[in-house]
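coordinates for the following, if possible.
(2 chains)
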Number of protein chains: 2
Amino acid sequence: MDVSSIKNPSFIKDLSNQELEQLSSEIRKFLIETCSITGGHIGANLGVVELTLSLHKHFNSPIDKIIWDVGHQSYIHKILTGRGHEFNSLRQYKGLCGFPKTKESRHDVWEAGHSSTSLSAAMGMAKARDILGNTNHVVPVIGDGALTGGMALEALNHIGHDKTNLTIILNDNEMSIAPNVGAMHNMFGRIRTNHNYNRFKFDAESFMNRLPGGDRLRVSADKIKDSLKYLVVDGIFFEELGIKYIGPVDGHNFKELDEAINTSKQINKPVLIHVVTKKGKGYKPAEVDTIGTWHGLGPYKLETGEVIKGNEEGPAWSALMSNQVLEYAKQDKRVVAITPAMPVGSKLTKFQQELPDQFFDVGIAEQHAVTMAAGLATQGMKPYVAIYSTFMQRAYDQLLHDVDRQNLNVLFGVDRAGLVGADGETHQGVFDVGFLSQFPNFTIMMPKDGNEAIDMVNTAFKTDHGPMAIRYPRGNAPMLRDTKEHEILDIGTWTYERKGSNLSLISYGPTVNFISDIADELLKEGINVNVINARFIKPMDFEMLHELGKESMPIITIEESMLTGGLGSQIATFLKDHDYKNVLRRIGIDNEYIEHGDVDLLLEDIGISKAKIKSLAKSLIK
Amino acid sequence: MDVSSIKNPSFIKDLSNQELEQLSSEIRKFLIETCSITGGHIGANLGVVELTLSLHKHFNSPIDKIIWDVGHQSYIHKILTGRGHEFNSLRQYKGLCGFPKTKESRHDVWEAGHSSTSLSAAMGMAKARDILGNTNHVVPVIGDGALTGGMALEALNHIGHDKTNLTIILNDNEMSIAPNVGAMHNMFGRIRTNHNYNRFKFDAESFMNRLPGGDRLRVSADKIKDSLKYLVVDGIFFEELGIKYIGPVDGHNFKELDEAINTSKQINKPVLIHVVTKKGKGYKPAEVDTIGTWHGLGPYKLETGEVIKGNEEGPAWSALMSNQVLEYAKQDKRVVAITPAMPVGSKLTKFQQELPDQFFDVGIAEQHAVTMAAGLATQGMKPYVAIYSTFMQRAYDQLLHDVDRQNLNVLFGVDRAGLVGADGETHQGVFDVGFLSQFPNFTIMMPKDGNEAIDMVNTAFKTDHGPMAIRYPRGNAPMLRDTKEHEILDIGTWTYERKGSNLSLISYGPTVNFISDIADELLKEGINVNVINARFIKPMDFEMLHELGKESMPIITIEESMLTGGLGSQIATFLKDHDYKNVLRRIGIDNEYIEHGDVDLLLEDIGISKAKIKSLAKSLIK
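A predicted model of the protein is given here:
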């Protein structure tokens, strides 16, 4: 069938398992072809084709609430709920979102992009059902990686205690984004290795009745029963928390899924079905991926799976940063690197291979990553935490209460700072400038190019100056100078990229190069502007700010961040505090969320375009 | 002995258990007497007297790292490390801190005030030890309540996987702050109830060898052994995570503690010792507390335990808010209340008693609390989350990614907003204005008095206006009007408390009444000022701001919040954006942490004093 013509999932209930298998093949073919052009989280989706079909067969969406943790594995759900025909716009400007989106469909009952939210959301929906007297099912689908996120574990603790009806699907694909780490991962591995699937029907009680000499164990029957449960049911970890465990079941076998879900429906309390799936199933290049390359990626060649490279020059920002830190770590064993499940995205695999003892992938556990770094720093270590700006939000209090308040020497590589493009709203790195600026001890930097990034890493490791953040965007770093020297930057100093007499443009990061280009164009029109590289977002260069205040020229700040709390707002308060009269205009994100799409189009929308900035500049100098 | 004369803990190693028991009594007497005058977290400390002595006997602080989770139970540790003579200044301005403080003592190796950080910190310290080639012990002490915080569970998952040497002390006193909730709590309860203490020496292997017919179970010997472990060792939950479990042991019995710690020292991998203690032990009024009143409190009468009340008028802010929400919940079952382990502090016990089905205490799990509220709101419910400002920090991304981004109708009662006094640095509620202001959809309010608080609750429940926060301070609410009518406030409107012609004073919350008093005093000197109640911190009253801009009078903003990101900074950007020339001065907390002490003294320090504000006002109008 033409899967892009599916209108809603009701037809699935009438299909035989053989027909469902046929449909699975067609969906896989559709996904592999479509994503080869659009890019996307292909690996995760190929792993849940049968699972998604089975969920829509056994539950009635949207009355029953299917909640996709993280959300990037919801492509099949989107196809089944009538959005297949929009897949050519996947993750593109004004196109289909790569994550669940309530405005796209009433079947999307929960939006996510960050991990580990589904169980708490499900608990809320289940209690709402109970209080309002409804009888629907609530079905969160959470990966084994996401389950180690602190919030998911907090939720398990509450769910097991509360005992309301919930059907948790544990999608265990042995990988989250990168290969999983952690004790729970090891536990799931033991279960998968030691047992055949489909053991959930084992009846502990009848087994016990057949036991010889059970009384001689001199323990109560209940104790034996509990113990036997451990012998035959593997989910003792969940059972201890008060959650009924069913599994493991083969997530690519409709019959096993049928049995497990039907069994779960007989139980009016929290149930966890342990479903084992294979990430990338059905597409060889994704199936054989062992490091997580196929988690999420851009367009690829259909036949070979070869990723189609862009034509950007320079090293990836992530690689530049990670390799630079590696150089220091080789010389000084106090330098260690920590990543919360992002060794590939943060380009730390080389570090991991070369210095495994100084490298820690802690899994999806941003809070732990940050506070562990704080613990390391108390002992004179120099930890480097590579973390995406958007995921850094998940460790806000750890940054504040543990790192900043104790003024510890932890260096943060704040990756994907600014707009990220295709991943969209949930992933934009636009809040960190604001929240880090509130913290008394943090130094916040952003390099305009790769050379400056190297100087900043050097500055961080050569000074003991408390917590420091080096922000860098997605993409590739321009290398503008050919130098072997690493400078130590004066903390809290900005630089003039050029001096002018009509107006000042202030920015940070690669946007500085962008405004330099604007300055070139303005010069041709006889307008001579200051271009200022505010490489330290905090502390600001107060000396230069006083100069600017005294010169009284208009100022335009340009930043790929929220205006509220941004550098422009800090400059506004400085000018007001000192009664400087400069006209100030701030360009950035004005109290709204920015959806997915090509970064250049998004920048245009928020006013970071050459035409708009030139026009504004001209209007200010008249 | 005079416990206040103890200089360091080394003498403990030479004491017999009988002498340690004697010392325990003396310490208890000292604590009960001292805290009756100073107030403090007496209950938690009385529970860990023997445990603290035992830890300092068996470990060599500060070479061995003893890490106090939360930190409010470190009084005995402070006494043993030479700070007993400072206890008369406990929690007072410039006095001894109620939490570990590295600047007080080299024995305080980690600062905390928020829960659940110790395991991550310990992991950092342990890995530092391993990498630097040291051999010291690392000993985090964590309560059963704190263990359910997400970060602690993230840490367990990493610790069990990594297998480095750590000695985790689980201090199980059956209460965190309020009585514990959650599945893990139930699990610990089963362990305590079903078993005698001191079973940790049981040898599973020899037990198995004595079993008849074990082979007939047709499972491998290893499986039996694992299973027997479950029969005789209770910590299967931890063992499943790769952490060796020892216990439960009586935390008031030195011999049992000796055995457990000595056993743990034989094991070169992560060990958890489950220590059962009694909160408040040795002081009857604290021992019999079942709801958490004796967790942390002010001065009390030594003989009876009767708490000495202050002479403040009006209801406690927390009670006012919680009871108001209760009124709506009685009429509308969609209104539910959620607290992360603070039913007493947030005065929700009445709500809990009257509407148990609409009340959720989720334990120390701020992330889950907030996202569960979001889940409820997706189903048309109207959740109220009562949460201290400082603990709200722990759910930053849940507020942003789950609640604000989805624009859900969740009402937050942001308790202890502003300076909190005795708890100090880790507990000041001074960051929320800044970080919530960055979120596009949040409405932030703060009432000047109890009547306005009632109107704000009404406004929240009568409008469906997305996420809303009502901030309120510690202490009691002035009730300035006697009215039965509940208004619906126009969102984003401020009020003139009085109109003047020389200068504008702008503030929010009860500080508005304080600046009204200042205005009275200025009027006597012939200075006539606007007093503006910025009851909506976000959105601001742009219409009024334009008026103020056009009138061009100087403006002073006064706020008990960080200046960076505060209301004053938002006003500065507004004025700059619109080229208004008003002189603006902002009073608040300038890029520093504020330690513990009497709030009036702290306010004086940051410039919120009548004298300073009057002087500033006069200087601006010349």
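
gap between the lengthiest helix in chain A and the chain center?
Ranked by residue count, the top helix of chain A under DSSP state H comes out as helix A:17-38. Put simply, helix A:17-38 sits 26 Å off its chain's centre (CA atoms, centre = their mean, to the nearest Å).

now it: average pLDDT?
Confidence for helix A:17-38, expressed as mean pLDDT, is 97.

report the contact partners of A:Asp423.
A:Arg91, A:Gly98, A:Phe99, A:Gly113, A:Gly296, A:His596 (CB atoms under 8 Å, 6 or more residues apart in numbering or on different chains). For glycine as for every other residue, the C-beta is placed from the backbone atoms N, C-alpha and C.

hmm, who's touching the longest helix of chain A?
So helix A:17-38 is contacted by A:1, A:3-4, A:12, A:15, A:40, A:42, A:45-46, A:49-50, A:53-54, A:57, A:75-76, A:79, A:84, A:87-92, A:254-255, A:258, A:281-283, A:299-302 (CB under 8 Å, 6+ apart).

which ones among those residues are found in strands?
In strands, judged by DSSP state E, none of the contacts of helix A:17-38 are found.

just the buried ones from those?
A:3, A:12, A:40, A:42, A:45-46, A:49-50, A:53-54, A:57, A:75-76, A:79, A:84, A:87, A:90-92, A:254, A:258, A:281-283, A:300 (16 or more other CB atoms under 10 Å in any protein chain shown).

what's the burial count for A:Gly434?
Number of residues near A:Gly434 (other CB atoms under 10 Å in any protein chain shown) recorded here: 24.

check what pLDDT the closest residue to it other than its chain neighbours gets.
Excluding the flanking residues, the one nearest A:Gly434 by CB to CB, 6 or more residues apart in numbering or on different chains is A:Gly565, at 2.6 Å. Looking at A:Gly565, its pLDDT is 98.

quick check, A:Gly565 in a strand?
No - under the criterion used here (DSSP: H, G, I helix; E, B strand; the rest coil), A:Gly565 is coil, not part of a strand.

any idea where the helices of the stretch 1-150 of chain A begin and end?
Assigned by DSSP state H, counting those that start in this stretch, the helices in the stretch 1-150 of chain A fall at A:17-38, A:42-47, A:49-58, A:75-78, A:118-132, A:150-162.

mind putting those into a markdown table with distance to A:Phe435?
Shown next, in a markdown table, are the helices of the stretch 1-150 of chain A (distance: least, CB to CB, whole Å):
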| stretch | distance to A:Phe435 |
| --- | --- |
| helix A:17-38 | 33 |
| helix A:42-47 | 29 |
| helix A:49-58 | 36 |
| helix A:75-78 | 32 |
| helix A:118-132 | 22 |
| helix A:150-162 | 19 |
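
ok, which of the ones you listed comes nearest B:Gln331?
Closest of the helices of the stretch 1-150 of chain A to B:Gln331 is helix A:118-132, at 14.1 Å (criterion: CB to CB).

using CSV, write out every CA atom in the closest one.
Output of helix A:118-132 as CSV, limited to C-alpha atoms (Å, rounded to 0.1, in the frame of the first residue of the first chain):
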residue,chain,number,x,y,z
SER,A,118,7.3,10.4,29.4
LEU,A,119,6.7,8.6,32.7
SER,A,120,6.0,11.8,34.7
ALA,A,121,3.7,13.0,31.9
ALA,A,122,2.0,9.6,31.9
MET,A,123,1.5,9.7,35.6
GLY,A,124,-0.2,13.1,35.3
MET,A,125,-2.4,11.8,32.5
ALA,A,126,-3.3,8.7,34.5
LYS,A,127,-4.2,10.6,37.7
ALA,A,128,-6.3,13.0,35.6
ARG,A,129,-8.1,9.9,34.2
ASP,A,130,-8.7,8.5,37.7
ILE,A,131,-9.9,11.8,39.1
LEU,A,132,-12.2,12.5,36.1
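
and it, what does it pack onto?
Under the contact definition 3 or more CB pairs under 8 Å, 6 or more residues apart in numbering or on different chains; DSSP states H and E, helix A:118-132 sits against strand A:65-68, strand A:138-143, helix A:150-162, strand A:166-172, helix B:366-378.

enumerate the residues of the stretch 501-622 of chain A near chain B.
Residues of the stretch 501-622 of chain A lying close to chain B by CB under 8 Å from any CB of the partner chain are A:562-565, A:568-570, A:572-573, A:575-577, A:579, A:581, A:583-586, A:591-593.

could you identify the buried members of those?
Buried, going by 16+ other CB under 10 Å: A:562-565, A:568-570, A:572-573, A:575-577, A:583-586, A:593, out of these.

among the residues you listed, which ones are in strands?
Among those, the residues falling in strands (DSSP E) are A:Met562, A:Leu584, A:Arg585, A:Arg586.

ok, the second one touching A:Leu563?
I take that to be A:Leu584. No - in this structure, A:Leu584 is not within contact of A:Leu563 by CB atoms under 8 Å, at 11.7 Å.

now do the strands in the stretch 151-300 of chain A.
Using DSSP state E, counting those that start in this stretch, the strands assigned to the stretch 151-300 of chain A run over residues A:166-172, A:244-250, A:270-276.

any chance of CSV for those, columns distance to chain B and mean pLDDT?
Shown next, in CSV, are those (distance: least, CB to the nearest CB, whole Å; pLDDT from 0 to 100):
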stretch, distance to chain B, mean pLDDT
strand A:166-172, 11, 96
strand A:244-250, 12, 91
strand A:270-276, 9, 95
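
out of these, which is closest to A:Ile236?
Between the strands of the stretch 151-300 of chain A, strand A:244-250 lies closest to A:Ile236; by CB to CB that is 7.7 Å.

neighbouring strands - and their directions - for the closest one?
Strand A:244-250 pairs in its sheet with strand A:270-276 (parallel), by DSSP bridges.

now do the helices in the stretch 151-300 of chain A.
Using DSSP H, counting those that start in this stretch, helices in the stretch 151-300 of chain A cover A:183-194, A:204-209, A:221-232, A:236-240, A:254-265, A:284-287.

buried residues, stretch A:391-411. List them.
Buried residues in stretch A:391-411, defined by neighbour count with 16+ other CB under 10 Å: A:391-411.

done for today, thanks.
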